[in-house]
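Student: coords below, sequence missing:
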């Protein structure tokens, strides 16, 4: 809820101990002393909205620690002065383009020394953690003797998503403190956990609120707060033979997600723990070498690049969102899921459809989604309250943004526009989720075409972070800016593209998927085609992807692209049209190329004897995509191939997370 | 200087018959379900209201002051004043009446007034002896004391009391509401056959109204999180006839009573909202008033014959405005029981009653059945107690608009011996 009073008093929320003097001798830190003689060390990285650990920060941190050692306070509180959170991790920028593992190791050794320094202080230490506490931030917290979490804090080691593993002592300290079946799973998945879960795992000693920080700190420093100690099971799991057994299982689960060749980080982490788990000193040392080795792999360097491309996209979004009320037209698979996502992000969304059935289905899918991603039942309820079924299309009147997601028929869409345009607010934006109809065609009947944009979401909306923001030559610049900011505000990544056929993602994917159709025509087993693509490193094969996207959509996109590029694309097989005509549309109807059950394609394993994936198969699938992108058949602002890799990354993450879930499951069993 | 007060819009949920166990919506859920589409179609923002007033009788523990919870859940903002009113079956009209008075006196310009009730969520209550046992157990210190306290439990301590049953029993006369209808029926000579015929007609009228689309814009489809939707009052039985209803056994006074489940209002869940506005608000937001509230009146009487509440409350209301019952072109008289509705009509036509009780010169006259409850009532669509008073005002306004009538009265009997009435005029 927007709370006027809480907004006005927001600077009183964080409990930062005594007020620091205005002239701190440090650039990134402030050090104060309270009435109990306890030192409060506030981390407030200069010129940044969030704290990250860079070389100069670590250097200064070391100097502060030395000063604390001299001053000998009664205890030390370490916390962040940034409202956004504790520490978001290491400054990834410093390792961009690293190619010499020796150099990386030297630098990481220096950082290790600072964290070891913190751990070795001869006074009680406590980290007070609010907001995000990730990667290097969590590693610093692990070097304190006690950790207190503020409600809403989130913990995790996202390094694996950059092709790395923790490198500031986290692998050793985390597995020593928390049962390796849990701590390894967290590091292998990159998943974050909330404060309550962190308490249950023994990662933090208490969960409280800002108003009780003083009391909690006192108890933590003066021995009145019971510290989470490594449990018996944790010690048992760190014993040599047990490690070997567990590591084997972790490896086989990791293999289901990605091969060692494509994604060495999880394997390096498992190797590191298997060899050195149980011996902190050895593991701390070996972690440095292993981390340095991973850092210079193409996987890590490419993923770091992708990380910065994502940051770039976030910058493209900007922060000036002005949209509050959203109206979605069409409660089908896409419209319903877009509305659910947007409402889940705190917006009020009216979801219009002529019929109650699709709206009811969308409400159910929304409830299922919220049940998974929102912990508190009251917040699930509030999200569902914000998703307003609208059978009379009344939401148009008050909407700042209207997203049309009706079937891909030009006349139908134009009819919808004719009905709503007179009722739209003067400043409202009209967006279409079309994947195949050029905006130049859609705009012809509009009174004000300058406010028509494309907002092209991908299926499944809640998982795929990329949203193409499609413009045409008659757009109002402000409308585009507002649309980009909106996409940022709903925690998606906007990709500005011009309205050329297929936009970017489908332009790149269609030749690949059509080639797969041609291969099917040649009687190649569909499971083999998918296996070839997966062997190349795709998170999902083209046949399964076509089912996921919907064969009707694939057909529309293919046809539309062919009108533009003609023979450059392989022809659509006639049997695909038949399939669509029969209503075998893929996942959404339960049957496409595969039969779908509970959102999963039912794939029998390939026969033991029979054809195998060949390099030629992989080339056939992948080269058309590369070729097209290289020759820039699509018009995008910059670096299409990288952005496309970016688009895939969301799927990579999902896939990894899924694999790691099954790792955890197998441990429970 | 009293200001005119307009009803500009309103909507309700379908009324959902309580079948087995709690229904899909709590009281506030229901208020949110019909409030959202109503607010969405207004040319102003939800935050533009001055107040929210909601009637609710059976408030559940999770939703204390349901008006405020509903206002927040409807996105009306942190600074929306909201309170809940309770006058039993009149609660939904009490909210309108309170809003009407605030606006008339110039203290507010726009108020959302509603009623909500989820009778299917009425609790099972532990008997007091059971509560005492539990408290004793909690207070006992030490294992021995705990065990001793635990062994004091007797089976009857755990027998739940059905909250709804107690709620529908008058605490002063200890008569169930159905029994009060039996008394009224007896005093005014209403027969079982008349009651059953009235009930069958109620079903026929509602079914016709549903089929003809008369409820469009009034009843908003409700969606539950398990993917179901509810788009009509589901208690309607178009195939009910006087003959089929005659086969039912009396439920309150066996074996000779005349009040049956078939000629009583149904136990249902439902919510309803009405938007009231001053002429200043009408001008500011360019609203189109549907009707104006002219006056309202509450009356009290012997709780044992509470069913006569409409007669007691509406008659002075009309007198005060220089009207007789025949001047009213459209009536909504809440159908708590067919016997009770017919008892009210008979009372107005009873010379002695009108002279001695109402102070008239003689019988007030007959109310033409064609003017009364034209699209059915609580017998066919149900009686969520805190909601009905709101629904009859909302439907009266809509029915008057459709029929082109100038003057209407919505009135109800209220458990505990009260009656409420509201005089509406077309604009």
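Tutor: On my side now, so go ahead. Quick caveat, the model's predicted, so the values are computed rather than measured.

Student: Next one: the residue lying farthest from the centre of chain B from chain A, what distance?
Tutor: Distance from the C-alpha centroid of chain B peaks at residue B:144, with 52.0 Å (CA atoms, centre = their mean). Taking CB to the nearest CB, to the nearest Å as the measure, residue B:144 falls 30 Å from chain A. Just so you know, the C-beta spots here come from the backbone N, C-alpha and C atoms, and that holds for glycine as well.

Student: Which secondary structure state does that residue sit in?
Tutor: Secondary structure state of residue B:144, per DSSP: H, G, I helix; E, B strand; the rest coil, is helix.

Student: Would you mind measuring from it to residue B:151?
Tutor: With distances taken as CB to CB, to the nearest Å, residue B:144 is found 11 Å from residue B:151.

Student: what ranges do the helices span in the stretch 151-300 of chain B?
Tutor: For the stretch 151-300 of chain B, the helices defined by DSSP state H, counting those that start in this stretch occupy B:163-167, B:177-187, B:192-212, B:242-246, B:279-284.

Student: er, the stretch 351-500 of chain A I mean
Tutor: Using DSSP H, counting those that start in this stretch, helices in the stretch 351-500 of chain A cover A:356-373, A:377-386, A:410-420, A:439-442, A:477-489.

Student: Minimum distance to chain B: which of those helices has it?
Tutor: helix A:356-373 (3.0 Å; CB to the nearest CB).

Student: Give me the buried positions along that closest one.
Tutor: A:356, A:358-367, A:369-370 (16 or more other CB atoms under 10 Å in any protein chain shown).

Student: Can you tell me which of those comes closest to residue A:34?
Tutor: Comparing the buried residues of helix A:356-373 against residue A:34 with CB to CB places residue A:370 closest, at 41.9 Å.

Student: Give me the pLDDT for the residue farthest from the centre of chain B.
Tutor: At residue B:144, the model reports a pLDDT of 89.

Student: With residue A:223 instead?
Tutor: Per-residue pLDDT puts residue A:223 at 86.

Student: Please apply the same query to residue A:617.
Tutor: Note on residue A:617: pLDDT of 87.

Student: in what helix or strand does it lie?
Tutor: For residue A:617, the element it lies in under DSSP states H and E is helix A:615-630.

Student: need the contact list for the residue nearest to residue B:250 when sequence neighbours are not counted.
Tutor: Closest residue in space to residue B:250, ignoring its immediate chain neighbours: residue B:257 at 3.6 Å, by CB to CB, 6 or more residues apart in numbering or on different chains. Applying CB atoms under 8 Å, 6 or more residues apart in numbering or on different chains to residue B:257 gives the contacts B:178, B:182, B:250-251.

Student: Present the helices of the stretch 351-500 of chain A as CSV; the columns should include distance to residue A:471.
Tutor: Converted to CSV, the helices of the stretch 351-500 of chain A look like this (distance: least, CB to CB, whole Å):
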stretch, distance to residue A:471
helix A:356-373, 28
helix A:377-386, 29
helix A:410-420, 17
helix A:439-442, 8
helix A:477-489, 5
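
Student: Pick out the residue of chain B closest to chain A.
Tutor: Counting by CB to the nearest CB, chain B gets nearest to chain A through residue B:227 (3.0 Å).

Student: which residue packs closest to that residue, ignoring adjacent ones?
Tutor: Per CB to CB, 6+ apart, closest to residue B:227 is residue A:364, 3.0 Å.

Student: repeat for residue A:414
Tutor: residue A:445 (4.7 Å).

Student: what residues are up against the one you found?
Tutor: By CB under 8 Å, 6+ apart, residue A:445 lies in contact with A:414, A:417-418.

Student: again, only this time at 10 Å
Tutor: Counting by CB atoms under 10 Å, 6 or more residues apart in numbering or on different chains, residue A:445 touches A:410-411, A:413-415, A:417-418, A:421.

Student: Please list only the buried members of these.
Tutor: For these, buried by 16+ other CB under 10 Å: A:413-414, A:417, A:421.

Student: any chance of those in a markdown table, with pLDDT too?
Tutor: Shown next, in a markdown table, are the buried ones among the contacts of residue A:445 (pLDDT from 0 to 100):
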| residue | pLDDT |
| --- | --- |
| A:413 | 97 |
| A:414 | 96 |
| A:417 | 97 |
| A:421 | 96 |
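
Student: What is the nearest of those to residue A:265?
Tutor: Nearest to residue A:265 among the buried ones among the contacts of residue A:445, with distances taken as CB to CB, is residue A:413, at 45.1 Å.

Student: isn't the closest one right up against residue A:431?
Tutor: No. Contact criterion CB atoms under 10 Å: residue A:413 and residue A:431 do not qualify, at 11.7 Å.

Student: Quickly list what's touching both of those two.
Tutor: A:404-405.

Student: residues near residue A:103, how many?
Tutor: When neighbours are counted by other CB atoms under 10 Å in any protein chain shown, residue A:103 registers 14.

Student: so who does residue 364 touch?
Tutor: Looking at chain A here, since you left the chain open. A:336, A:340, B:223-228.

Student: you looked at the wrong chain, it should be chain B
Tutor: Contacts of residue B:364 by CB under 10 Å, 6+ apart are B:311, B:314-315, B:318-319, B:324-326, B:347-351, B:353-354, B:358.

Student: try it again with 8 Å
Tutor: Here residue B:364 is in contact with B:315, B:324-325, B:348-349, B:354, B:358 (CB under 8 Å, 6+ apart).

Student: got the residues of the stretch 1-150 of chain B near chain A?
Tutor: Along the stretch 1-150 of chain B, the residues adjacent to chain A under the rule CB under 8 Å from any CB of the partner chain are B:32, B:36-37, B:40-41, B:43, B:45, B:72-75, B:77-79.

Student: again, only this time at 10 Å
Tutor: Contact residues, the stretch 1-150 of chain B versus chain A (CB under 10 Å from any CB of the partner chain): B:26, B:28-29, B:32-33, B:35-47, B:62, B:70, B:72-75, B:77-79.

Student: What's the ChimeraX line that selects buried ones from these?
Tutor: Burial among those is assessed by 16+ other CB under 10 Å; the matching ChimeraX selection reads:
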select /B:26,28,29,32,33,35,36,37,38,39,40,41,42,44,46,70,72,73,74,75,77
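
Student: Tell me which of the residues of the stretch 1-150 of chain B next to chain A fall in helices.
Tutor: The members of the residues of the stretch 1-150 of chain B next to chain A that map onto helices under DSSP state H are B:28-29, B:32-33, B:35-40, B:70, B:72-73.

Student: Turn those into CSV, columns for distance to residue A:67.
Tutor: Shown next, in CSV, are those (distance: CB to CB, whole Å):
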residue, distance to residue A:67
B:28, 56
B:29, 58
B:32, 57
B:33, 62
B:35, 60
B:36, 59
B:37, 63
B:38, 64
B:39, 59
B:40, 60
B:70, 57
B:72, 49
B:73, 52
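
Student: Quick check: the residue lying closest to residue B:381 once chain neighbours are set aside vs residue B:41, distance?
Tutor: Using CB to CB, 6+ apart and skipping the chain neighbours, the partner closest in space to residue B:381 is residue B:233 (4.0 Å). Note on residue B:233: its distance to residue B:41, by CB to CB, is 21 Å.

Student: Could you do residue A:117 as well?
Tutor: Applying CB to CB to residue A:117 and residue B:41 gives a distance of 65 Å.

Student: Where do the helices of the stretch 1-150 of chain B begin and end?
Tutor: Secondary structure of the stretch 1-150 of chain B, counting by DSSP H, counting those that start in this stretch: helices at B:27-40, B:66-73, B:91-104, B:128-139, B:143-150.

Student: relative orientation of the third one and helix B:66-73 in degrees?
Tutor: Looking back up the chat, that one is helix B:91-104. Between helix B:91-104 and helix B:66-73, the angle formed by their directions is 70 degrees, by axes from the mean of the first three to the mean of the last three CA atoms, to 10 degrees.

Student: And helix B:91-104, how far out from the chain middle?
Tutor: Remark: helix B:91-104 is offset 14 Å from the chain centroid, using CA atoms, centre = their mean, to the nearest Å.
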